[in-house]
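# sequence and predicted structure below; questions after.
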Amino acid sequence: MAEMSKIKKAQLVKDVTRKLVDEDRLIEAGWITLKAVYIHPEAPPAQIEAMRNAFFAGAQHLFSSIMVMMDPEIDPTTKDLSRMQAISDELDAFLKEFKEKHGIAGDFVTFEDEDDGTTH
């Protein structure tokens, strides 16, 4: 089978990204793009899983850090809140899956928001 042209591959990545973002799966879209563009098609499954875990772990760390450092005096828009909730939900689902797969109970490091008592 002939290798997919770079133009067709770029369009496919763009289409998949748009679909996943519409499904509130922004981080998964980033992972799929990284995998399609940079990971060798014959990479072993263990390598692909380790790279996905590292990708999502980095996203989880960044998101948690953002939530802790946000300026409490600036009101986000409804759309901002919706996007942040979608990212939070996606990362929570990944974390749950990761912990179940690896037999991890309890929380990793979490941050409690002093203003409203929520945990990130």
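Sure, I can see it. What you are looking at is a predicted structure, and each value in this text was computed from that prediction instead of being measured.
# where does the residue nearest the centre of the chain fall, secondary structure wise?
For the chain, the residue nearest the mean C-alpha position is I27 (2.9 Å; Cα atoms, centre = their mean). Applying DSSP states H and E as the criterion places I27 in helix 26-38.
# ok, now how distant is the residue lying closest to P76 once chain neighbours are set aside from F55?
Leaving aside its chain neighbours, P76 sits nearest to M84 (7.3 Å; criterion: Cβ to Cβ, 6 or more residues apart in numbering). The C-beta positions use only the backbone N, C-alpha and C, and glycine is treated the same way. Look at M84 and F55: by Cβ to Cβ, to the nearest Å, they are 19 Å apart.
# same question for A36.
13 Å.
# with K101 instead?
Distance from K101 to F55, by Cβ to Cβ: 15 Å.
# just the element for D71, please.
Judged by DSSP H and E, D71 forms part of no helix or strand.
# need phi/psi at it.
For D71, the backbone dihedrals (degrees, to the nearest 10) come out as phi -70, psi 120.
# tally of neighbours for it?
Neighbour count for D71, taken as other Cβ atoms under 10 Å: 7.
# mind listing what's buried in stretch 86-96?
For stretch 86-96, a neighbour-count test (16 or more other Cβ atoms under 10 Å) marks A86, I87, E90, L91, F94, L95 as buried.
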